[in-house]
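>>> Sequence and predicted model, in that order:
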Amino acid sequence: MSVNIRVKNAIKKFGDNTVISDVSLDIQDKELFTLLGPSGCGKTTLLRMIAGFNSIEGGEFFFNEKKINDMEVSHRNIGMVFQNYAIFPHYSVRQNVEFGLKNRKYDKEKIQTEADKFLKLMQIFDFRDRKPEQLSGGQQQRVALARALVIKPDVLLMDEPLSNLDAKLRLEMRQVIRDIQKEVGITTIYVTHDQEEAMAISDRIAVMSNGKIQQIGRPQEIYHRPINEFVATFIGRTNFVTAQFCASDSCIKIGDFSFPYHDLIIKEDAAVLLSVRPEDFIIHKKSEPGLPGIVRDSYFLGLNTHQLVELAYNQQIVEIIRESSLDEATKVGEEVSLSIKSHKINVFSDDGLKNLILKG
Amino acid sequence: MMNKKVKFDLWTIIGLGLLGLYGIFLLFPMTNLISQAVRDKETGEFTLAYFIEFFSSPYYFNTLWNSFKVTTAVTILTLIVGTPLAYIFTRYEIKGKGILRILIIISSMSAPFIGAYSWILLLGRSGVITLFFKNSLGITIPDIYGFAGILIVLSLQLYPLIFLYVSGALNNVDNSLLEASENLGCSGVKRFFKIVIPLISPTLFAAGLLVFMRALADFGTPMLIGEGFRTFPVTIFNEFISEIGGDDGFAAAISIIAIVITTLVFLAQQYVTMRKTFSMSSMNKIRPKKATGIKQVLIHVYSYLLIGISILPQMYIFYTSFKNVQGLTFAPGYSFQSYIDAFDKVGRAISNTMVIPGIALVLVVFLAVLLAYISIRRVSSLSKILDSVSMVPYIIPGSVIGITLLIAFNKPPIILSGTLAIMVIGLVIRRMPYTIRSTAAILQQIPMSIEEAALSLGSSKMNTFYKITMPMMAAGIFSGAILSWITMISELSTAILLYTARTRTLTVEIYTQIIRGNYGISAALATILTVLTVISLLVFNRISQDENLAM
């Protein structure tokens, strides 16, 4: 059985220090839901409240219709994967996987067949009699997953499960986790600080900061329509450019450069903050129309070239990304002109707290 | 823990139970001691007469000053001797290092008074070395009694503690720090003082404190070798035990003064350490390398000489235990006579030495595991109280613990004086702080998430403790237990106050035989004690190696 998880107005305090303030979540059945945020934002704390390792200072937590606030950890029927895997070092791989089944007092035969099934599913059947210390990081990760899933938990909770692996293995295990989660069909909450990992793996993401949820949405929504300056900065790279919205002719002005823009919720002139991702600037020869600037630095990274351009209008440095070629079209020190893919940018109020683009 | 309301689970009950035990066997005797010290014996009224008597009589005040003087000297000397040895052992290759290390540990593990006794046999008024110099060379060497004797015996006995602590600390110093220092133009002796010593200074203070407490509390050494140089454990013992003029109230007052001193020293150490602590983890341990030229000669001479001298007393005792005995003194020729006599007369002491520390050990381990678990994993106001209370015996000298127990339990409601139980309790109380600390250290190395994983897999709290936490701690607990065992079988200062004819232990018996001048039997018994210690150490080595393999 799988469940949906509801968190209503959760509050967590350590002493007088509020770490989670008024957080609400609605996680769908069989969904892979990620809590994403910088370290110290409260994402692990929230996960541990759902798991039952942290006390709850306020709010209500539900698995389906069942309130779990005061339920013992051991009765919540959760599968948990820890950052350091938490494999029992004195047990073999098989004993680790069987531990949860034994606590459920299943008969011997069932324990054996269930354990075998998940050992095979996670491709660690061949290592079943080894001690954890003889396994690599990736294999330990597989044991942790098998051990968490074999008890047929209602929910799977994963706390930065890939952060101890090297880059290559991280990509591989990311795929494994995604595939298994879909195959078993289990509601999963995944905690990470790695935005790329979050986007690759999640059905939906909640971006957190300072104990609050900033935005919940599909990875595409969060990347392309961040709700505020924080989300725009945290997800992907972006440049912020101050500009003026001119209501009378529906255009946005950066210094002397302006371009038409229609889809804003505001109807009068206002100072705005543009978020332009590096790939949404187009760099041209000086002669072409656009935002004038000088190339200050250039990094060749193979597929792309990153260039830092100083804007003539306020001496701000912006980063642009362009496809690289054998003969770079623009050189360091060269005067250039930048145009903007206006349909892809985001426009925030000048304090950065609100996205002003009409939802559609 | 799960909720704002304090959950009254099994661990809370265990915690309260432990607090109750401390209440009965530590806090109750301590308050008793205090009331004894400030109450007039006849009238029962409040009085500071004992304290006034103590401080106004130069005789008593001197014992305290003597204790302080010799203890401070011992602490400094052990640091001066032990720290370079640890550094040499960490930095350089030394021939026979493994055996030397075992010898260092053996020399520290015996009861100090046996060392004192052996030094008397060697360097005393009619010691073999003294006589050799006098008769063959015509040189009179200064005798070993008094301040110098206590200083030498206790320093040789206690520098291994510094060695072990400092070796551990040096193990955490990253070699790249030393390399960086050399690269910046600071090497050799200058580097030792500018870089190494500051890095390990918290350890030096901690180890120094341990040496100070041990030296201050030691009863047997000053008793045997101090002669006119009286220290306070001897005075306490005499005041309390002596049949003529023995005075509980006065002994209690001295005890309290002693505790005040140890507390002050303890607080000073904590204060200094707190301001100096930094955490280090060594990715790149210091590897021993081969020294060359004169340096190599010097470090070998230093190591061999120091360790040779410190193991000499036990070697000599071992040797004399096989000498023929006539009456009380040694005679030419060799035999097992001393052993036969020893077993004949004091078989009971040997079995007591198995039974009393044995029971105490089981209790200590059991209680310490529970206490450590509560203090690390169940942090609450209760665990903090337990933490502080359980560390109190750390600063109370052994003879004072003996006295508090006797004063408290020689009258109703609880009469324990003269029983085996009181000996066990004495050992348990004295050993608990050390065992709790070592157990807590083991527990801290087990990540919390391992237990959380077990809980999330449906295991109850108790099941998790027995199936997961305990087995992971087992190897560490067991090797800690062996160290406790070795300390317990060589304990004298508490036992000497609490024993009766039925509960004599080996150390008490050896001490008694030495006082009676029964050299053969005491040598044989001391050798038996050493053999027991060595066997225990070998088991310990075995276990801790296995542990390394497993973790």
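Arrived safely.

>>> burial of A:Glu335, as a residue count?
Neighbourhood size, A:Glu335 [other C-beta atoms under 10 Å in any protein chain shown]: 14. Yep, even glycine has a C-beta here, placed from its N, CA and C like the rest.

>>> and what of the one 10 residues further on?
By other C-beta under 10 Å, the residues close to A:Ile345 number 21.

>>> Hmm, A:Asp280 and it touching each other?
Yes - look at A:Ile345 against A:Asp280 with C-beta atoms under 8 Å: they come within range, at 6.0 Å.

>>> what does the stretch 151-300 of chain A put close to chain B?
By the rule C-beta under 8 Å from any C-beta of the partner chain, the part of the stretch 151-300 of chain A lying against chain B is A:Ile151, A:Leu157.

>>> What segments of the stretch 151-300 of chain A are strands?
A:155-159, A:187-192, A:204-209, A:212-217, A:239-246, A:251-254, A:257-260, A:270-276, A:281-285, A:291-300 (DSSP state E, counting those that start in this stretch).

>>> Nearest approach to B:Met448 belongs to which of these?
The closest of the strands of the stretch 151-300 of chain A to B:Met448 is strand A:155-159. By C-beta to C-beta, the value is 12.1 Å.

>>> Next, work out how far apart the residue in the stretch 301-450 of chain B positioned nearest to chain A and A:Pro161 are.
Minimum separation of the stretch 301-450 of chain B from chain A (C-beta to the nearest C-beta) falls at B:Ser449, amounting to 4.0 Å. Per C-beta to C-beta, to the nearest Å, B:Ser449 is found 12 Å from A:Pro161.

>>> shared neighbours, those two?
A:Phe82, A:Gln83 (C-beta atoms under 8 Å, 6 or more residues apart in numbering or on different chains).

>>> Among these two, which residue is more densely surrounded?
A:Pro161 (26 against 19).

>>> so the more buried one sits right up against A:Ala144, yeah?
Yes - using C-beta under 8 Å, A:Pro161 is in contact with A:Ala144, at 7.3 Å.

>>> any common contacting residues for these two?
What both A:Pro161 and A:Ala144 touch, as defined by C-beta under 8 Å, 6+ apart, is the set A:Val81, A:Phe82.

>>> residues of the helix or strand hosting B:Gln36 that come out buried?
If you go by DSSP states H and E, B:Gln36 is part of helix B:28-37. For helix B:28-37, the neighbour count (16 or more other C-beta atoms under 10 Å in any protein chain shown) marks B:Pro29, B:Met30, B:Asn32, B:Leu33, B:Ile34, B:Gln36, B:Ala37 as buried.

>>> Excluding chain neighbours, what is closest to the residue of chain A found nearest chain B?
Per C-beta to the nearest C-beta, A:Gly100 is where chain A lies closest to chain B, at 3.4 Å. Residue nearest to A:Gly100 in three dimensions, not counting chain neighbours: B:Leu457, with 3.4 Å by C-beta to C-beta, 6 or more residues apart in numbering or on different chains.

>>> same question, A:Gln141
A:Gln141 sits nearest to A:Met173 (C-beta to C-beta, 6+ apart), 5.7 Å away.

>>> and if you look at A:Met208?
A:Gly37 (3.6 Å).

>>> Which helix or strand contains the most centrally placed residue in chain B?
Chain B has B:Arg214 as the residue nearest its centroid, 5.7 Å off, counting by C-alpha atoms, centre = their mean. In the assignment (DSSP H and E), B:Arg214 maps to helix B:197-217.

>>> Give me the helices and strands touching that helix, please.
helix B:58-91, helix B:147-171, helix B:248-276, helix B:398-409 (3 or more C-beta pairs under 8 Å, 6 or more residues apart in numbering or on different chains; DSSP states H and E).

>>> buried residues in the third one?
Read it as helix B:248-276. B:248-259, B:261-262, B:265-266, B:269, B:273.

>>> Quick check: mean pLDDT of that helix?
For helix B:248-276, the mean pLDDT works out to 83.

>>> Could you verify that B:Gly418 is part of a helix?
No - according to DSSP: H, G, I helix; E, B strand; the rest coil, the state of B:Gly418 is coil, so it is not within a helix.

>>> ok, it - contacts?
Residues in contact with B:Gly418 (C-beta under 8 Å, 6+ apart) are B:Thr500, B:Arg502, B:Thr503.

>>> Apart from its chain neighbours, what residue comes closest to the first one?
Spelled out, it's B:Thr500. B:Gly418 (4.6 Å).

>>> The residue of chain A closest to chain B is in contact with A:Ala146, isn't it?
No - look at A:Gly100 against A:Ala146 with C-beta under 8 Å: they stay out of range, at 10.2 Å.

>>> Any chance you could give me stretch A:292-304 in PDB, C-alpha atoms only?
C-alpha atoms of stretch A:292-304 as PDB (Å, rounded to 0.1, in the frame of the first residue of the first chain):
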ATOM      1  CA  PRO A 292      26.100  47.700 -25.300                       C
ATOM      2  CA  GLY A 293      29.000  46.200 -23.300                       C
ATOM      3  CA  ILE A 294      32.700  45.100 -23.400                       C
ATOM      4  CA  VAL A 295      33.800  41.400 -23.100                       C
ATOM      5  CA  ARG A 296      36.000  41.300 -20.000                       C
ATOM      6  CA  ASP A 297      36.800  37.600 -19.800                       C
ATOM      7  CA  SER A 298      36.100  34.400 -21.600                       C
ATOM      8  CA  TYR A 299      36.200  30.700 -20.500                       C
ATOM      9  CA  PHE A 300      36.300  27.900 -23.100                       C
ATOM     10  CA  LEU A 301      34.500  24.800 -21.600                       C
ATOM     11  CA  GLY A 302      34.200  22.600 -24.700                       C
ATOM     12  CA  LEU A 303      30.600  22.600 -25.700                       C
ATOM     13  CA  ASN A 304      30.100  26.100 -24.600                       C
END
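
>>> got the buried residues for that stretch?
Buried, per 16+ other C-beta under 10 Å, within stretch A:292-304: A:Pro292, A:Gly293, A:Ile294, A:Val295, A:Ser298.

>>> In this structure the fourth one contacts A:His306, no?
By that I understand A:Val295. No - applying C-beta under 8 Å, one finds A:Val295 not in contact with A:His306, separated by 11.0 Å.

>>> tell me the phi and psi of A:Ile185?
I think there's a mix-up here, since residue A:185 is Gly and not Ile. phi 70, psi 60 (degrees, to the nearest 10).

>>> Run through the residues that contact the nearest residue to it once chain neighbours are set aside.
The spatially closest residue to A:Gly185, leaving aside those adjacent along the chain, is A:Lys30, at 4.9 Å (C-beta to C-beta, 6+ apart). Contact analysis of A:Lys30 by C-beta under 8 Å, 6+ apart lists A:Ser2, A:Gly185, A:Ile186, A:Thr187.

>>> Provide the secondary structure category for the first one.
What it means is A:Ser2. coil.

>>> Was I right to think it contacts A:Gln181?
No - the criterion here is C-beta under 8 Å, and A:Ser2 misses it with A:Gln181 at 10.7 Å.

>>> Comparing the two, which shows the higher neighbour count?
The neighbour comparison of A:Ser2 against A:Gln181 (other C-beta under 10 Å) goes to A:Gln181, with 22 against 19.

>>> That one touches A:Ile189, doesn't it?
No - counting by C-beta under 8 Å, A:Gln181 sits too far from A:Ile189 to count as a contact (10.9 Å).

>>> Identify the contacts common to these two.
A:Leu156.

>>> Break chain A down into its domains, please.
A:5-231, A:238-349 (automatic domain parsing).

>>> Any chance of a markdown table for the ones you listed, columns distance to B:Leu199 and mean pLDDT?
Output for those, formatted as a markdown table (distance: least, C-beta to C-beta, whole Å; pLDDT from 0 to 100):
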| stretch | distance to B:Leu199 | mean pLDDT |
| --- | --- | --- |
| domain A:5-231 | 28 | 91 |
| domain A:238-349 | 41 | 89 |
